[in-house]
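K.L.:
Quick one, what's the 3D model for this:
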Amino acid sequence: MSPRARRGRATNRRPPARRRTRGPGKRRQRADDRLIARLVAVVVAVALVVAMVDWLLAHWWVLPALGAIAVLTGGGLLRQKRRAARWEAVRTQGLRYELPRLDALHHTRFEDAVRDLMRRDGCRDALRVGGGGDLGADVKATDPYGRRWVIQCKHRRNGPAGSAVGTPDLQVLNGTARQVHGADIAVIVTNGRVTAPAVLFAEQQRLHVVDRQTLAVWASGSRPLWELLRAVPPPRRPTALS
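P.N.:
Below is the predicted model:
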């Protein structure tokens, strides 16, 4: 083989592949970066704490001042809360409604009025629960004697000129007040009329009817409802009122 052929053959050969040398792993580098960042954060936090302590030592009067401000603020909020509670008690105790005002209410606001009258009478837990699926209970309350009240409200926009409350309304109350809601006293309250059969049914089933005349006395005066109804159950527990 001629020297020229040998040179051409040598030229056609591929150079051997170079082995890549591995440097530091990326994962290790990231871990080192995170460690450095944490150390820097710790150093900065320690420096801030030391600076704050030094500042407080130099300005020691700040802590008593902050404590005094906190005490005054808390006392002011407590006094404001107590004042609001006293005004609410005065407002509730002096609550009065006249029939024309009750007639003008929306039926949900009428339920609110009945709830507020129960609270005026001392039922602190009186709650309006009327709405879809209320099962005949619009207002629930516990009186100071421990008796559980369940009240169904029947508001008539036209007052006595509206449709009368009839026996079917009483039947709904009778079917759920005691069995479902655990009532000791089941009451139906209306600003309208009540039919004679409904009144008779209520007496037979130990239900109580607050008609327009009874509502007028209850809403415009300060006597609790249980003093206006006959044959209410005795108190469940002795109280200062009993």
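K.L.:
and Leu135, what is it in contact with?
P.N.:
When contacts are counted by CB atoms under 8 Å, 6 or more residues apart in numbering, Leu135 is found next to Thr176, Val180, His181. (Glycine included, C-beta is placed from N, CA and C.)
K.L.:
Leu127 and Ala141 touch, don't they?
P.N.:
Yes: using CB atoms under 8 Å, Leu127 is in contact with Ala141, at 7.1 Å.
K.L.:
Between these two, which has more neighbouring residues?
P.N.:
More crowded of Leu127 and Ala141, by other CB atoms under 10 Å: Ala141, with 25 against 14.
K.L.:
okay, the helix or strand where that one lies in CSV with CA atoms only?
P.N.:
Element membership for Ala141, per DSSP states H and E: strand 139-142. Below are the C-alpha coordinates for strand 139-142, written out as CSV (Å, rounded to 0.1, in the frame of the first residue of the first chain):
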residue,chain,number,x,y,z
VAL,A,139,-90.5,30.8,67.5
LYS,A,140,-89.0,28.7,70.3
ALA,A,141,-88.2,29.9,73.8
THR,A,142,-87.6,28.8,77.4
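K.L.:
That one: partners in the sheet, and parallel or antiparallel?
P.N.:
In the sheet containing strand 139-142, the strands it pairs with under DSSP bridges are strand 127-128 (antiparallel), strand 148-154 (antiparallel).
K.L.:
deepest of those, which one?
P.N.:
The densest packing among those, expressed as mean neighbour count by mean count of other CB atoms under 10 Å, is seen in strand 148-154 with a mean of 24.
K.L.:
Can you name the element that comes right after it?
P.N.:
Sequence-wise, the next helix or strand beyond strand 148-154 is helix 167-176, with elements assigned using DSSP H and E.
K.L.:
picking that back up, export the strands paired with strand 139-142 to JSON lines and append columns for mean pLDDT.
P.N.:
Formatted as JSON lines, the entries for those read as follows, by pLDDT from 0 to 100:
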{"stretch": "strand 127-128", "mean pLDDT": "95"}
{"stretch": "strand 148-154", "mean pLDDT": "97"}
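K.L.:
Tell me which of those approaches His106 most closely.
P.N.:
strand 148-154 (11.5 Å; CB to CB).
K.L.:
quick one: the closest one to chain centroid distance?
P.N.:
Counting by CA atoms, centre = their mean, to the nearest Å, strand 148-154 is centred 21 Å from the centre of its parent chain.
K.L.:
What of stretch 127-137?
P.N.:
Going by CA atoms, centre = their mean, the spacing between the C-alpha centre of stretch 127-137 and its chain's C-alpha centre is 17 Å.
K.L.:
so where's this protein uncertain?
P.N.:
Along the chain, the model assigns pLDDT under 70 to residues 1-24, 80, 82-93, 132-134, 237-242.
K.L.:
on that earlier part again, type out the PyMOL command that picks the buried ones from the contacts of Leu135.
P.N.:
One line in PyMOL is enough to select the buried ones among the contacts of Leu135; burial here means 16 or more other CB atoms under 10 Å:
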select buried, resi 176+181
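K.L.:
Rebuild the contacts of Leu135 as JSON lines, extending it with distance to Val187.
P.N.:
Compiled in JSON lines, those are given as follows (distance: CB to CB, whole Å):
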{"residue": "Thr176", "distance to Val187": "13"}
{"residue": "Val180", "distance to Val187": "15"}
{"residue": "His181", "distance to Val187": "12"}
